[in-house]
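Engineer: have a look at this prediction, sequence included:
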Amino acid sequence: MSAGRLGDLLGIEHPVVQGPFGGGLSSVALAAAVSEGGGLGSYGAHILSPDAITDLVAELKAATDRPFAVNLWVPLEGEAQLRPDAAELARHTQRLRPYYDELGLTAPSAEDVSDRPDFDDQVDVLLAADPSAISFVMGIPPQRVIDEARARGIVLIGTATTVDEAVALESAGIDAVVASGSDAGGHRGAFLRPVRESLVGTFSLVPQVADAVSVPVVAAGGIADRRGIAAALALGADAVQIGTGFLATRESGASAVHKQALSGPEARRTVLTRLFSGRTARGILNKFVRDMAAYEDEVPPYPVQNALMQPIRRAAGAQGRAEYVNLWAGQAAAMTHESLGAGEYLASLVEGR
């Protein structure tokens, strides 16, 4: 299975990109295994400090001499300035108090909520670290970033949830576009219009994007096996990006309860929710999402809600409490296989095993 135009751009053998995971779900072992297998391994770095990003790229280069991508989130306008006052923070933490108490946690302080990496600092050290590729979600990186990447020979990959977003990414100078359908797990990357106006299914989105742009197109969302790859390529994609399938592999950083959920019957039911981070994301329906459904429009935006929920998510994963974990998953999650290694899974995708 040839990597086609994406292979020409990146020097990879197979038309398979491992979806980048944030929030501790990525691992160097996973990204390296995919890259070593001839695909493009990826690592989600949006929560990492600049120093940690420098160390990460060094670790990835030590683990593989093949191409890999590091992913960052482009901040939405006004997001970096969000700082809840004392009364607002108290209201939001009170809503979550039963979960903090049940898991033996102390609610985050105002300082905890305000402590976050600066995107400009992150992207500057990432450019200096010189990875093979940098991928972005949530928007278009600043022009200076595009110019610097081009000067360094770093491939830039953008994420589009609509045709208009794909056109905007190409016009800005992005080298390849991920057409991310509403089937995809994890956070929605819409940036030109609200998420609710940007929910296009993968197999409706891909051919329209392929017709609208001249750069390589990577199909993402609802693809978990060789059949999905064949369908995406037939619709005009140059490659596919698979997230949930790799999230279930042994090398991923997902908790044991998350991986178990991906291969269980509950994986057939996924929903879009803001409850875990303040941004809309697709995950497996669980008790927390059901119990808090009435507050979908009341929780604060990212990154405030993300900071408030981070200790709950981590403690629940460590304690095996799947009912409180953000079980990110796409709509093909039930097709995943928990026991596979990343290299073995990649081989099944490209060789049909």
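Structural biologist: Great, that's in hand. Residues are numbered from 1 along each chain as shown.

Engineer: contacts only, for the residue lying closest to Arg152 once chain neighbours are set aside.
Structural biologist: Take Arg152 and drop its neighbours on the chain: the residue closest to it by Cβ to Cβ, 6 or more residues apart in numbering is Asp130, 6.0 Å away. For the C-beta atoms, the positions are set from N, CA and C on the backbone; glycine is no exception. Counting by Cβ atoms under 8 Å, 6 or more residues apart in numbering, Asp130 touches 57, 152, 154.

Engineer: how about the first one, secondary structure?
Structural biologist: Look at Val57: counting by DSSP: H, G, I helix; E, B strand; the rest coil, its state is helix.

Engineer: can you add pLDDT, distance to Tyr295 and neighbour count and give the contacts of Asp130 back as CSV?
Structural biologist: Below are the contacts of Asp130 laid out as CSV (pLDDT from 0 to 100; distance: Cβ to Cβ, whole Å; neighbours: other Cβ atoms under 10 Å):
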residue, pLDDT, distance to Tyr295, neighbour count
Val57, 98, 38, 21
Arg152, 98, 44, 11
Ile154, 98, 41, 21
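
Engineer: between those, which is nearest Gly139?
Structural biologist: Closest approach between those and Gly139, by Cβ to Cβ: Ile154, at 17.9 Å.

Engineer: my guess is the closest one contacts Ala133, does it?
Structural biologist: Yes. Using Cβ atoms under 8 Å, Ile154 is in contact with Ala133, at 6.5 Å.

Engineer: could you check the pLDDT of Gly352?
Structural biologist: What the model reports for Gly352 is a pLDDT of 59.

Engineer: the residue nearest to Val123 when sequence neighbours are not counted: which element?
Structural biologist: Spatial nearest neighbour of Val123, chain neighbours left out: Val145 (5.5 Å); criterion: Cβ to Cβ, 6+ apart. Element membership of Val145 [criterion: DSSP states H and E] is helix 143-152.

Engineer: which strands or helices does that helix pack on?
Structural biologist: helix 119-129, strand 155-160 (3 or more Cβ pairs under 8 Å, 6 or more residues apart in numbering; DSSP states H and E).

Engineer: now Leu96. Its backbone dihedrals?
Structural biologist: Backbone geometry at Leu96, expressed as degrees, to the nearest 10, gives phi -100, psi 0.

Engineer: heads up, I number from 2, so please use that
Structural biologist: Understood, numbering begins at 2; the last thing we discussed is Leu97.

Engineer: spatially nearest residue to it (excluding sequence neighbours)?
Structural biologist: Leu309 (6.1 Å).
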